[in-house]
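[1] please find the sequence and the predicted model below.
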Amino acid sequence: MTTPVYAVTGASGRLGRLAVEQLTANGVSPSDIVALVRTPAKAVSLAASGVQVRQADYSRPASLPAALSGVNRLLLVSGSEIGRLVPQHTNVIKAAKNAGVSRIAYTSMLNADHSTSPLAGEHRETERVLSEAAVPHTVLRNGYYTEGYPDHLGEYLAAGEITGAAGHGRMSTATRQDYATAAAAALLSDEPGNRTHELGGPAYDVTELAQIITDVTRTKVTYRDLPPDEYAAVLQRSGTDEATAHFVAALDVAVARGDLETSNTDLADLLGRPATRPADVVHAAYDLVKVTSRTAVIGLIGAGRIGGTLAGLAVDAGYHLILSNNRGPATLSDLAARLGPTARTAAPTDAAEAGDLVIVAVPFSAYREIPTEQLVGKVVLDATNYMPDRDGHIAELDNDSATSSQLLQAHLAGSHVVKAFNTVFFEHLLVLARPHGAADRSSLAIAGDDQLAKKPRAPSSTPSDTTPTTSACSAKAGASRLAPPRTRTVPPDPSTTRSRLRRSTSLICSCTPGTTAKTELPRILANYRPPGWACRGDGRTPRSNRLSITRLGRGVSGHRRTGRGGRTGR
């Protein structure tokens, strides 16, 4: 029996890329996945992972036959050029039929058959074209992205309100990752016939969302509902052109009419779990807001060479810092004095309690001493290293049945652990410091299985939906301050997926002057290495110094056992 070949259109966009990653996470070989993109240069990381990258343009029918050759199942991610979607989608559907594609899954819009949203018409027409093509198909009627409002969280906190014209209309939303996971499940399903799924999580209105924001941030935010024309006028006064302002107001009117609500359980059925809660998305957005605005208090547990260097970088960036270790506050008084008035000392429990973001930088043998109760619900950056000659042998790490971050996450069961460093030499945090945007700034993407930790974020100044980004902390070698550099997201290696925590293995790069690329990530070399540097390492236990960063999110991203014989600089 021939193995199906799966194709995803728009694979360099955020939803399409997540769908490709989810297919690999579900066990599909990368060589059996075709990423269809308009600009192959934007899919270099997918090609490096083994996925077939082919050029395809919805508006150029001649580009489609070769792109769809040999494809068995196709995920058609709806385009973004409003007003041109029907002819574009029709081109793809016709080409897919001619290529012998056995099933097309299409990302439509929730309640597209009767919605009054100005977006719904083109989706309805595409569904009609799909039906008339007589190709077995699955229609995935997606609701709004849950991230839509939280992506503007900073504005809401500054204004103390959300303004709109959605009334008390309820929305059944989900995250991009939820929709991508559902799309992959639908594409992999062998259920025959045509199917239509109304997809969305438990419904809420904007007033309820404002209350969630208030509860998470402890900052009062309310919802101010306006008549559509008045809301459009507000948008125009803020710089939006007249046509766009009335279009956005019309979208809210559709919400007010209930067009974006469903009681259908199709999404949870496809996911095999509930949709991601809006509160979790707001939490992740608030983590980002605090760090980018530098209003966060950073709790540091462990203040050796790595921790002490981080402390200096954080204070220089304007953060308030609480230093702690297991020997008592008095042993850190000299360091605190050098750092200045924004740093103080405390016991680990106090640093854990007061820190908005907590960094754990202790020898791994001490990980069970990290406070647990005070860290519930918080992001914990894991800067620990396992060194058997220092820490003693730990069976789970020696036999590769677990990673150090998995053990720390198990200890901190109520926290969201993110791997920050891996045998990085502390001096590199200073000597490689470069300002944001510098061409020779070093960085490295990591991967984990927690969807919120992996969730791409585009800065508000970059509305494009084509380049996934992550925020990061100054675990980034070459970062001169705690700030959110843009990095490409790397999918987890499905060969390591033994369990939820087992899937948190990171893809890592070890950089030393004068060496050559071996088994690591060529796309990282191409995009991020400083001039004159090259990459080496086996991805698990290199003895050289690593340059790495962390995704600041709410989840686990753990490296494999490392540090044996390595130079940690502790």
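    Done, it's in.
[2] burial count for residue 60?
    12 (other C-beta atoms under 10 Å). All C-beta atoms are positioned from the backbone trio N, CA, C, and that covers glycine.
[3] so residue 137 sits against residue 106, correct?
    Yes: counting by C-beta atoms under 8 Å, residue 137 does reach residue 106; the two are 6.5 Å apart.
[4] what's the distance between stretch 53-60 and the middle of its chain?
    Put simply, stretch 53-60 sits 26 Å off its chain's centre (C-alpha atoms, centre = their mean, to the nearest Å).
[5] now do the buried residues in that stretch.
    Buried residues in stretch 53-60, counting neighbours by 16 or more other C-beta atoms under 10 Å, are found at 53, 54, 56, 57, 58.
[6] just to revisit the earlier point, residue 137 and residue 106: who's more crowded?
    Using other C-beta under 10 Å, the more surrounded residue of residue 137 and residue 106 is residue 106, with 26 against 22.
[7] mind listing what residue 9 touches?
    By C-beta atoms under 8 Å, 6 or more residues apart in numbering, the contact set of residue 9 is 16, 36, 56, 58, 74, 75, 76, 77, 92.
[8] correction: the previous question concerned residue 75.
    6, 7, 8, 9, 16, 19, 105, 107, 183, 184, 187.
[9] let's verify it: helix, strand, or coil?
    The three-state assignment at residue 75 reads strand, by DSSP: H, G, I helix; E, B strand; the rest coil.
[10] tell me what the helix or strand hosting residue 268 is packed against?
    Using DSSP states H and E, residue 268 maps to helix 266-271. Under the contact criterion of 3 or more C-beta pairs under 8 Å, 6 or more residues apart in numbering; DSSP states H and E, helix 266-271 touches helix 176-188, strand 195-199.
[11] in which helix or strand does residue 407 reside?
    Using DSSP H and E, residue 407 falls within helix 404-411.
[12] picking that back up, residue 350 is nearest to which of the helices and strands packed on helix 266-271?
    Of all the helices and strands packed on helix 266-271, the one in closest proximity to residue 350, counting by C-beta to C-beta, is helix 176-188 (35.2 Å).
[13] what's the angle from the closest one to strand 195-199?
    Inter-element angle recorded for helix 176-188 and strand 195-199: 170 degrees (by axes from the mean of the first three to the mean of the last three C-alpha atoms, to 10 degrees).
[14] okay, now the nearest residue to residue 347 once chain neighbours are set aside: neighbour count?
    Closest residue in space to residue 347, ignoring its immediate chain neighbours: residue 324 at 5.9 Å, by C-beta to C-beta, 6 or more residues apart in numbering. Neighbours of residue 324 under the rule other C-beta under 10 Å: 29.
[15] quick one, grab the pLDDT at residue 324.
    Residue 324 is assigned 95 on the pLDDT scale.
[16] and for residue 437?
    73.
[17] before we move on, which element is residue 47 in?
    With DSSP H and E as the criterion, residue 47 is inside helix 44-48.
[18] state the mean pLDDT of that helix.
    89.
[19] next one: stretch 372-390
    Mean per-residue pLDDT for stretch 372-390: 87.
[20] with just CA atoms, put that stretch into PDB.
    The C-alpha trace of stretch 372-390 is given here as PDB (Å, rounded to 0.1, in the frame of the first residue of the first chain):
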ATOM      1  CA  THR A 372       7.300  24.400  44.600                       C
ATOM      2  CA  GLU A 373       4.300  26.000  46.100                       C
ATOM      3  CA  GLN A 374       5.500  29.600  45.400                       C
ATOM      4  CA  LEU A 375       6.100  28.800  41.800                       C
ATOM      5  CA  VAL A 376       2.600  27.400  40.900                       C
ATOM      6  CA  GLY A 377       1.300  29.000  37.700                       C
ATOM      7  CA  LYS A 378       4.600  30.900  37.000                       C
ATOM      8  CA  VAL A 379       7.100  30.600  34.100                       C
ATOM      9  CA  VAL A 380      10.400  29.100  35.300                       C
ATOM     10  CA  LEU A 381      13.500  29.500  33.100                       C
ATOM     11  CA  ASP A 382      15.600  26.400  33.600                       C
ATOM     12  CA  ALA A 383      19.300  27.200  33.500                       C
ATOM     13  CA  THR A 384      20.400  24.100  35.200                       C
ATOM     14  CA  ASN A 385      23.100  21.700  33.900                       C
ATOM     15  CA  TYR A 386      23.600  18.000  34.600                       C
ATOM     16  CA  MET A 387      27.300  17.200  35.200                       C
ATOM     17  CA  PRO A 388      27.700  13.600  36.600                       C
ATOM     18  CA  ASP A 389      31.200  14.400  37.900                       C
ATOM     19  CA  ARG A 390      29.800  17.200  40.000                       C
END
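[21] residue 345 pairs with what?
    Beta-bridge partners of residue 345, counted by DSSP bridges, are residue 323.
[22] could you report the neighbour count for it?
    23.
[23] distance of it from residue 323?
    Plainly put, residue 345 is 5 Å away from residue 323 if you go by C-beta to C-beta, to the nearest Å.
[24] now the residue of the chain most remote from its centre: how far from residue 323?
    Most distant residue from the mean C-alpha position of the chain: residue 330, 39.6 Å away (C-alpha atoms, centre = their mean). Relative to residue 323, residue 330 is positioned 11 Å away (C-beta to C-beta).
[25] repeat for residue 169
    Counting by C-beta to C-beta - residue 169 and residue 323 are separated by 49 Å.
[26] those two: who's more crowded?
    Neighbours per residue (other C-beta under 10 Å) separate residue 169 from residue 323, with residue 323 holding more: 25 against 21.
[27] so the more buried one sits against residue 354, correct?
    No: the pair residue 323 / residue 354 is not scored as a contact, 11.4 Å apart, by C-beta under 8 Å.
[28] what touches both of those two?
    Counting by C-beta under 8 Å, 6+ apart, the contacts common to residue 323 and residue 354 are residue 346.
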